[in-house]
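> from the sequence below, what's the structure:
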Amino acid sequence: MTTVANARDLSDRVYVITGAGRGLGASYAKLAASLGAKVVVNDLGRSLHGEQMAESPAEQLVREIQEAGGTAVADTHDVTDFEGARALIDNAVQRFGSVDVLINNAGILRDRMITNMSPEEWDEVIKVHLRGHYCTTRHAAAYWKDKAKSSGPVDAALIQTTSIAGLHGQAGQANYATAKSGIATLAHIAHLELNQRLGVRSYAIA
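Numbers count the residues shown, from 1 in each chain. Model prediction:
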């Protein structure tokens, strides 16, 4: 696995990463694991365009991390389902004792010009990106709130995946860009609500 010079030792940290079976999410997971973090690899097992895949990419990535000497478990809960997102956070706490970093990366595409976009193509993208980021954030924040009550400020971080398309716009991606713009705002509001009160840092990466 790739390592980074002078990077922090993450052996005391637990990462939950959604949409982590491939692409950017997989890169996050492999890097965190290479630095010692315990990683929950969440992926529903669908392609970027939403089709079901034959084998769980989360399980494939976990095998790769373990073979390289890292620690990881696969999770296939649907982050757009409120209770599924709760189960994802609970799974991390039960398996590894904590959640220190949540990286929301799950997403799909349904690119179409607005003149031809169906309600289903709009709803699916908004649901996976915006609702998916909300559901996991909601449960992680509740966990950190309870932790802060008993032990004081929490050294935790929340990372939301936005996009240049969401910040500047992109023709043919009204659904995706709108969701990503909302995610950037969600990251900002989460920092306002969680940082001073709980110590939790919130970021958006484009």
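> what about this structure, any weak spots by pLDDT?
Residue ranges of the chain with pLDDT under 70: 1-6, 46-55.
> tell me where it has strands.
In the chain, the segments counted as strands under DSSP state E are 14-18, 38-42, 71-75, 101-104, 157-161, 201-205.
> now do the buried residues in the fifth one.
Of all the residues in strand 157-161, those buried under the rule 16 or more other Cβ atoms under 10 Å are 158, 159, 160, 161. Quick note: C-beta positions are derived from backbone N, CA and C, even for glycine.
> so what's the first one up against?
Residue 158 is in contact with 101-102, 104, 137, 140-141, 187, 190, 194, 200-203, counting by Cβ atoms under 8 Å, 6 or more residues apart in numbering.
> repeat that for residue 18.
25, 42, 43, 79, 88, 103, 104, 105, 106, 132, 136.
> in the chain, which residue sits furthest out from the middle?
residue 115 (31.0 Å; Cα atoms, centre = their mean).
> hang on, the earlier thing: just say which of the strands of the chain is most tucked in.
strand 38-42 (a mean of 29; mean count of other Cβ atoms under 10 Å).
> does residue 181 touch residue 166 like I think?
Yes - using Cβ atoms under 8 Å, residue 181 is in contact with residue 166, at 4.1 Å.
> and the angle from the lengthiest helix in the chain to strand 201-205?
Taking DSSP state H as the criterion, the chain has its longest helix at helix 174-198. On the basis of axes from the mean of the first three to the mean of the last three Cα atoms, to 10 degrees, helix 174-198 is oriented at 160 degrees to strand 201-205.
> enumerate every residue touching the residue positioned nearest the centre of the chain.
The structure's the chain has its C-alpha centroid closest to residue 104; by Cα atoms, centre = their mean the separation is 1.8 Å. Shown in contact with residue 104 (Cβ under 8 Å, 6+ apart): 18, 19, 79, 132, 133, 136, 137, 158, 159, 160, 161, 183.
> which one of the residues you listed is nearest residue 61?
Of all the contacts of residue 104, residue 61 sits closest to residue 19, with 11.3 Å by Cβ to Cβ.
> number of residues surrounding the closest one?
Neighbours of residue 19 under the rule other Cβ atoms under 10 Å: 29.
> same check, this time on residue 7
12.
> tell me who's in contact with it.
Applying Cβ under 8 Å, 6+ apart, the residues near residue 7 are residue 35.
> any idea how far it lies from residue 142?
Per Cβ to Cβ, to the nearest Å, residue 7 is found 30 Å from residue 142.
> just residue 23 next, same as before
28 Å.
> what's the answer for residue 83, then?
Applying Cβ to Cβ to residue 83 and residue 142 gives a distance of 13 Å.
> ditto for residue 197
In terms of Cβ to Cβ, residue 197 sits 13 Å off from residue 142.
> gap between the residue lying closest to residue 131 once chain neighbours are set aside and residue 149?
Distances taken as Cβ to Cβ, 6 or more residues apart in numbering place residue 80 nearest to residue 131, at 5.1 Å, with adjacent residues excluded. Separation of residue 80 from residue 149 (Cβ to Cβ): 29 Å.
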